[in-house]
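Trainee: model this:
(chains A and B)
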Amino acid sequence: MSVYKLTYLEVRVRKSLGVLAGIGAVSLVLAACGSTPDDGGATTAAPSPTDTTAAPSPVLPPVKACMISDAGGFDDRSFNETAFLGLEAAKAEYGIETLALESGSDADYQPNINQAIQQDCSLVITVGFLLGDATEAAATANPSVDFSIVDYAYEAPPENLQGLVYATEQSSFVAGYLAAGMTETGTVGTYGGIPIPSVTSFMSGFYQGVQYYNEAKGTDVDVLGWDPTDPEKGTYAGGFDDQNQGKQIAKNFIQQGADIIFPVAGPVGLGSAAEAQANDGVSIIWVDTDGCISASQYCDVFLTSVMKGIDASVKASIGAVVDGTFSNELYVGTLANGGTKIAPYNEFDAAVPAELKAEVEQVTADIVSGTITVTP
Amino acid sequence: MTLTAPVVPQARIAPPSLTRPIIMTASALVLGAIFILLSPMDAETTFIFNLGDTFISIPDWIVPSRTAATGFAIAALVCAAIAWPINARRGSLFLPAFGLGVFLVMSFLAWVGADSLLPITGLLQGSLLLAVPLIFGAMAGVLSERAGVININIEGQLLVGAFLGAVVASLLNNAYLGLVAAPVAGALLGLLLAVFATRYFVDQVVVGVVLNVLAVGLTGFLYSRFLTEDPDLWNNPEVLPTIAIPVLSDIPILGPILFDQNVIVYLMYVVVTVVQIALFKTRWGLRLRSVGEYPEAADSVGIEVNRTRFRAVILAGAVAGLGGAFFTLGSVGAFGREMTAGNGFIALAAVIFGRWNPIGALAAALLFGFADNLQNVLSIIGSPIPSQFLLMLPYVVTILAVVGLVGRVRAPGADGIPFRKS
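Mentor: Okay, the predicted model is just below:
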């Protein structure tokens, strides 16, 4: 190879590396753009003068609330999205600055939290159990910044870290009771994304609700996918992305005779909803949000949804920072305080017998009053 | 082309290696004994073969668990025994190995399915459906790597195929048009890989990784900008209908598994067949393999190495893009962010496990799909085994198979090495 050719090649290689780097940069920019669904970026304008005068306590420094999603992203039609709605609501009400950072994978949690701190956020809200360790580490290292985390309860949190958890086993219990009353085949099923407490509490509550119905009515409705003795042995999709897997799990449930399926796996459940649409008489209980709003194309198979009031709790947490009343006391959303509940029956409203509706109301009231105790 | 075989004296040929029959017999004995001993004495296992309504229905098969586990373990041992004489004659061990695997799995199922219903047909059908994207991805991997270009980009190609397929089908209100668009998206990503790999000689693994990030970023960006803003317009495609092939779909067990599927599954049969024949029976295939194996030699007889590679990589992208459409049009309809969930990387493992051979990669992908769905089904019926162990199963099988049964795994000679004509 001649010298000339060598230099020529080098130039080509360098040029190509430049183009490659360009593509990489473009894709990173695109990924970053995709991560802020609304204008919640760092460049968000400060509150307008009218807002400032309306702010409750002008002596406090301006609040900047920042939110970090887990790998599901803010458009997961599930809990990240609900948390983001809470952030938006707080922004509208308190006129504060907000910043939303999306994590593409587990590896992004730490860097995103650090970035939020560097952006002078006064409150950092992390969304999801999986961010638990990273959030605690950051809270300990940055005592001047307040933190709150959705779906995580610490034994002994630092002063500046509030856990927001939801007694979803209570509302899932109600959903389980409803499912047991609605099933035609006598078999219902539930599965999770991965076996973590914020997932298994739904499955466990659902199971207990079905058992309660069985005891009350002398029926023998079977729950697939959950082993009350060992949460690890339940059915899990192995993650929160693979909708094809969710479709397949639903197919397996249906082959085992289930006609009501309760997926606790975020977007994976959309695959199950698609499978339910392809089968007559199969319905889905959606999770985290009202499915008829967040995934409206499947509304015809959503019997109801087990809702988690993440938006309200996130807003309350931001409100506490605005008022200067923020503390590390654990927030627990229950049926009693509206932090978790079941959604309207929507298109199934006519299909659910009035008697069963009344029983569902009664069960809800009994849980609120403590007559029925549900364990997570 | 004529080749003169080198003359080797008969006495120099070593006796056939006994590794494979020994491993087969040992696994039949050890695993069989485990399954028999663990299966409960007084329980029954019910195997269900019916799925939907077929012309001939097979009655459910109810057997005592331990008897069934023992019977299948003995059948597995017989398969291992048959392997010895075949091995001595240097024959193909494929059939005995296949039989060994099937009977060991059945013995295993007789144990874990004690006191439960095991839907065999449903289990196999689900395995196929979980394997479809893996198979398309693996065919893309075979095409590109046989031509000497490492294709880490399968994941991204699946993702853009799923994306564009859903968007086009939704906008034009026709799932079949989406099926045309998906391979175009995959081919465009393949084009980028091809340009960087064959024109600018950039490290192929690095390009592949960067293009995967590009695919995730691009689809994620467009998803949140358009698809979630107006899902009815952008992200509401019809799912491809299931087409039952007359007569064939009525065959018990096999019919519902193989011939009552949507058009993507049928296309998969075509793609695997065509890739296998084209690679090994046509001049095109010989040339493609030659540039992946020994590009200098190919170049010396006038084959345009980089042009051949360029075309192979784009074709591979199209195949993967078509497979991506299965996630949306063939399965759930709407597109979801990063919905391919690592299937492209598992497809890559299937390529290697399948020894860069279309049929081998097909078998590997089916095995992965089977292990995946087996884990699903067992967790639903409540098996005695923790799910983590079951999730590990396909990889254990892979390691055993690579070590013992498939022999030496060898990549194409020039895989990943850019060809610079000097």
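
Trainee: please, where are all the strands along the chain?
Mentor: Since you didn't name a chain, this refers to chain A. Assigned by DSSP state E, the strands in chain A fall at A:64-68, A:97-101, A:123-127, A:146-150, A:161-166, A:187-192, A:222-224, A:260-264, A:283-288, A:302-308, A:331-333, A:340-342.

Trainee: meant chain B actually
Mentor: Using DSSP E, strands in chain B cover B:44-48, B:61-64, B:117-119, B:242-244, B:260-262.

Trainee: just to revisit the earlier point, with mean neighbour count and mean pLDDT added, can I get the strands of chain A in a markdown table?
Mentor: Glycine gets a C-beta too; all of them are placed from N, C-alpha and C. Listed next are the strands of chain A as a markdown table, based on neighbours: other Cβ atoms under 10 Å in any protein chain shown; pLDDT from 0 to 100:
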| stretch | mean neighbour count | mean pLDDT |
| --- | --- | --- |
| strand A:64-68 | 27 | 93 |
| strand A:97-101 | 25 | 92 |
| strand A:123-127 | 30 | 94 |
| strand A:146-150 | 28 | 94 |
| strand A:161-166 | 25 | 93 |
| strand A:187-192 | 28 | 96 |
| strand A:222-224 | 21 | 94 |
| strand A:260-264 | 31 | 96 |
| strand A:283-288 | 27 | 94 |
| strand A:302-308 | 27 | 94 |
| strand A:331-333 | 20 | 92 |
| strand A:340-342 | 24 | 92 |
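
Trainee: looking at those, which is closest to chain B?
Mentor: Closest approach to chain B among the strands of chain A is made by strand A:222-224 (5.1 Å; Cβ to the nearest Cβ).

Trainee: make JSON lines out of the strands of chain A and add distance to B:Thr45.
Mentor: Shown next, in JSON lines, are these (distance: least, Cβ to Cβ, whole Å):
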{"stretch": "strand A:64-68", "distance to B:Thr45": "48"}
{"stretch": "strand A:97-101", "distance to B:Thr45": "51"}
{"stretch": "strand A:123-127", "distance to B:Thr45": "44"}
{"stretch": "strand A:146-150", "distance to B:Thr45": "44"}
{"stretch": "strand A:161-166", "distance to B:Thr45": "41"}
{"stretch": "strand A:187-192", "distance to B:Thr45": "19"}
{"stretch": "strand A:222-224", "distance to B:Thr45": "18"}
{"stretch": "strand A:260-264", "distance to B:Thr45": "25"}
{"stretch": "strand A:283-288", "distance to B:Thr45": "30"}
{"stretch": "strand A:302-308", "distance to B:Thr45": "33"}
{"stretch": "strand A:331-333", "distance to B:Thr45": "44"}
{"stretch": "strand A:340-342", "distance to B:Thr45": "38"}
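
Trainee: list the contacts for the residue nearest in space to the middle of chain A?
Mentor: Residue closest to the average C-alpha location in chain A (Cα atoms, centre = their mean): A:Phe79, at 1.8 Å. For A:Phe79, the contacting residues are A:72, A:127-128, A:150-151, A:266, A:288-289, A:308, A:310, by Cβ atoms under 8 Å, 6 or more residues apart in numbering or on different chains.
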